[in-house]
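>>> sequence isn't available, so here's the structure alone:
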């Protein structure tokens, strides 16, 4: 059975996209600098959720895990958004690099210029526009290509059956995991860490990845619950939701582990070139800094701890929504202090308008993708394992 | 009067089938010995949900408290320690430096507390004689202990067990 994309939902996503477009136009007329920051935050946030979809599919293949097969089409549909997220990233870099990325200014590399910056000039081998564009294209090809490959194999499997497509997907998954292990880190440096080009952290890539994975899992959980409430995915029961809840719980803690490791080492060593990052966040964004910690760690940790909580629909909706809000704030805190910086005085309507636009686009793409293939991958060799899943 | 009989099985699937039959007949299973946990048998033999997770939380909270108490006494109260060149004489200001060890202490107390609780609860501490009726249950046999009341039909129970794969009844 295919998902039918209801007209009501279509209208809603179009309204959200219209809000986004109006906000972007109005934002560029009134406050272009802020608008570029809002675009980067929201574009990365939804790209990350999309990437989690393909990553989740690949992980399940190489682990030969069967429990998630029953709702496999949901992460696949999330992955279909990557293309749009990467196109957005390329457009943002092409037209907004001067506003967002300080290192793209040519005078920083000219020794005769008073603006010459020795630290940034030392990073010229990695942070230069041609190489950056090459990397953007490489990310696009790898992520979109593998997503498409997985999807095609999965759709062919629906027709052909057998185990050949499954074995092939395990190999594709293994290659993707290696490539994603590298590109998830380097893309985090490129998209987010290079906003603060003077500063660096070796943990940053994994920290971003942990946020990427947990926000994607929360989205996946909410999508599954929505589809179930509409009568799809009838084979997915509280046992599967329990495991999704465990993933959300565990990776919230994993995110906190990396967030805290990065913070503590910098706090402890107290080196001037490192503490600038946290000083800006502590002095000007202190409320958000604490909200980030509480909503992404304390709240899911306490709410999702018990077995009963992970099996209840309402609790999962509350925890998933909180995690999604929390990780939006996390991305916000990675970008804003580096671009808008000390001028920041509270949220601006631009950020929320752009968020609405991207949410509309994301939901439109995901629902379109869901409506194009049966919601259950009926010939997957591990489907019986998923149907019998019991914990 | 009621008496206890032991039913020996060779396979974990057989014992699950047998337990389901006994449940239908309204006979009480009082204990099961098995070399490994049998998935899905808990609700059949009427075993309540374990409270071990609650214990784990309490032990973990104890570990956190003990570790913070230790740090407060050793590094704040008794002798101020200069942490990273920024001496501050309050626990909460130096807290990030204490988190790793506090975490380890939480895990240590939770893990050891759970193991000791499990040993006490199962009465398998060192030096205690095991209540296991047959040492073969630690290898490849599965034994179910059934309470047969006078109102129950013992021969019907035995034949039902034999038909679901029991190799021995005593």
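Received the coordinates, thanks. Note that the coordinates shown come from a computational prediction; the quantities given were computed from them, not determined experimentally.

>>> could you list the contact residues of chain B toward chain A?
Counting by C-beta under 8 Å from any C-beta of the partner chain, the residues of chain B close to chain A are B:39, B:40, B:53, B:57, B:83, B:84, B:85, B:86, B:96, B:97, B:99, B:100. Placement of C-beta: from N, CA and C, glycine included.

>>> am I right that the fourth one is in a helix?
Okay, so that is residue B:57. Yes: the assignment for residue B:57 (DSSP: H, G, I helix; E, B strand; the rest coil) places it in a helix.

>>> please name the nearest non-neighbouring residue to it.
Once flanking residues are discounted, residue B:57 sits nearest to residue A:305: 7.3 Å by C-beta to C-beta, 6 or more residues apart in numbering or on different chains.

>>> which of the residues of chain B next to chain A count as buried?
B:83, B:96, B:97, B:99 (16 or more other C-beta atoms under 10 Å in any protein chain shown).

>>> and residue A:377, helix, strand or coil?
Looking at residue A:377 with three-state DSSP, the answer is coil.

>>> can you report how many residues lie near it?
20 (other C-beta atoms under 10 Å in any protein chain shown).

>>> my read: it touches residue A:66, true?
No: using C-beta atoms under 8 Å, residue A:377 is not in contact with residue A:66, being 11.5 Å away.

>>> joint contacts of those two?
Residues touching both residue A:377 and residue A:66 (C-beta atoms under 8 Å, 6 or more residues apart in numbering or on different chains): residue A:383.

>>> tell me which of the residues of chain B next to chain A fall in helices.
If you go by DSSP state H, the residues of chain B next to chain A have B:53, B:57, B:96, B:97, B:99, B:100 in helices.

>>> from chain A, how far out is the most centrally placed residue in chain B?
The residue lying closest to the centre of chain B (C-alpha atoms, centre = their mean) is residue B:118, at 4.9 Å. Separation of residue B:118 from chain A (C-beta to the nearest C-beta, to the nearest Å): 18 Å.

>>> which one in the buried ones among the residues of chain B next to chain A is the model shakiest on?
pLDDT is lowest at residue B:83 among these; the value there is 76.

>>> pull the contacting residues for that residue.
A:268, B:75, B:94, B:97.

>>> go again using 10 Å as the cut-off
A:267, A:268, A:270, B:75, B:93, B:94, B:96, B:97, B:98 (C-beta atoms under 10 Å, 6 or more residues apart in numbering or on different chains).

>>> try residue A:264
B:95, B:96, B:97, B:99, B:100.

>>> next, residue 35: phi, psi?
Just so you know, I chose chain A. phi -70, psi -40 (degrees, to the nearest 10).

>>> my bad, the chain I had in mind was chain B
Dihedral angles (degrees, to the nearest 10) for residue B:35: phi -70, psi -20.

>>> contact partners for it?
Counted by C-beta under 10 Å, 6+ apart, residue B:35 has contacts B:12, B:136, B:137, B:138, B:139, B:140, B:141, B:142.

>>> now swap in residue B:44 and tell me
Residue B:44 neighbours (C-beta under 10 Å, 6+ apart): B:15, B:16, B:17, B:18, B:19, B:20, B:21, B:22, B:23, B:29, B:32, B:38.

>>> pull the most distant pair out of the residues you listed.
Farthest-apart pair in the contacts of residue B:44 is B:21 and B:38; separation 15.3 Å (C-beta to C-beta).

>>> now rank the contacts of residue B:83 by neighbours and give me the top one.
residue B:94 (21 neighbours).

>>> for residue A:289, see how far away the closest residue to it other than its chain neighbours is.
Leaving aside its sequence neighbours, residue B:94 sits nearest to residue B:83 (C-beta to C-beta, 6+ apart; 5.2 Å). According to C-beta to C-beta, to the nearest Å, residue B:83 and residue A:289 sit 20 Å apart.

>>> again with residue A:131
Taking C-beta to C-beta as the measure, residue A:131 falls 33 Å from residue A:289.

>>> check residue A:163 too.
50 Å.

>>> go on, residue B:120?
44 Å.

>>> do residue A:340 as well
Counting by C-beta to C-beta - residue A:340 and residue A:289 are separated by 16 Å.

>>> what does residue B:103 give?
On the measure of C-beta to C-beta, residue B:103 and residue A:289 end up 21 Å apart.

>>> got a list of what residue A:16 touches?
Counting by C-beta under 10 Å, 6+ apart, residue A:16 has contacts A:353, A:355, A:356, A:357, A:358, A:359, A:360, A:361, A:362, A:363, A:364.

>>> in the strand or helix carrying it, what counts as buried?
In the assignment (DSSP states H and E), residue A:16 maps to helix A:7-30. Under the neighbour-count criterion of 16+ other C-beta under 10 Å, helix A:7-30 has A:13, A:16, A:17, A:19, A:20, A:23, A:24, A:27 buried.

>>> I'd say residue B:110 and residue B:62 touch.
Yes: if you go by C-beta atoms under 10 Å, residue B:110 and residue B:62 touch, sitting 8.5 Å apart.

>>> those two: which is more packed in?
Counted by other C-beta under 10 Å, residue B:110 and residue B:62 do not tie: residue B:110 has more neighbours, with 20 against 15.

>>> residues contacting the more buried one?
Residues near residue B:110 by C-beta under 10 Å, 6+ apart: B:55, B:56, B:57, B:58, B:59, B:60, B:61, B:62, B:63, B:64.

>>> what do you get for residue B:56?
Residues near residue B:56 by C-beta under 10 Å, 6+ apart: B:109, B:110, B:111, B:113, B:114, B:117.

>>> helix, strand or coil: sort out the first one for me.
What it means is residue B:109. Under three-state DSSP, residue B:109 comes out as helix.

>>> any idea how far residue B:61 is from it?
Distance, residue B:109 to residue B:61, by C-beta to C-beta: 9 Å.

>>> more neighbours, the two?
Neighbour count, other C-beta under 10 Å: between residue B:109 and residue B:61, residue B:109 has more, with 21 against 13.

>>> pLDDT on the strand or helix carrying residue A:291, on average?
According to DSSP H and E, residue A:291 maps onto helix A:286-293. For helix A:286-293, mean pLDDT is 95.

>>> distance from the chain centre to it, please.
20 Å (C-alpha atoms, centre = their mean, to the nearest Å).

>>> for the residue nearest to residue A:274 when sequence neighbours are not counted, the count of nearby residues, please.
Distances taken as C-beta to C-beta, 6+ apart put residue A:266 closest to residue A:274, at 4.7 Å, once the chain neighbours are dropped. By other C-beta under 10 Å, the residues close to residue A:266 number 21.

>>> go through the helix or strand residue A:266 falls within and flag the buried ones.
Taking DSSP H and E as the definition, residue A:266 sits inside helix A:238-269. Buried residues in helix A:238-269, counted by 16+ other C-beta under 10 Å: A:240-245, A:247-249, A:251-263, A:266-267.

>>> sorry, back to before: what is the nearest of the ones in helices among the residues of chain B next to chain A to chain A?
Of all those, residue B:96 has the smallest distance to chain A: 4.7 Å, by C-beta to the nearest C-beta.

>>> for the helix holding residue A:291, packing partners?
Applying 3 or more C-beta pairs under 10 Å, 6 or more residues apart in numbering or on different chains; DSSP states H and E, one finds that helix A:286-293 makes contact with helix A:238-269, helix A:272-284, helix A:313-339.

>>> any chance of the contacts of residue A:264 in TSV with distance to residue A:116 as columns?
Converted to TSV, those look like this (distance: C-beta to C-beta, whole Å):
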residue	distance to residue A:116
B:95	41
B:96	36
B:97	38
B:99	41
B:100	41
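
>>> name the element residue A:210 belongs to?
Going by DSSP H and E, residue A:210 is in helix A:204-229.

>>> with residue B:5 instead?
With DSSP H and E as the criterion, residue B:5 is inside strand B:2-9.

>>> strand partners of that strand, parallel vs antiparallel please.
Strand pairing for strand B:2-9, using DSSP bridges, gives strand B:142-149 (antiparallel), strand B:166-169 (antiparallel).

>>> can you pick out the most distant pair from the residues of chain B next to chain A?
B:40 and B:85 (58.5 Å).
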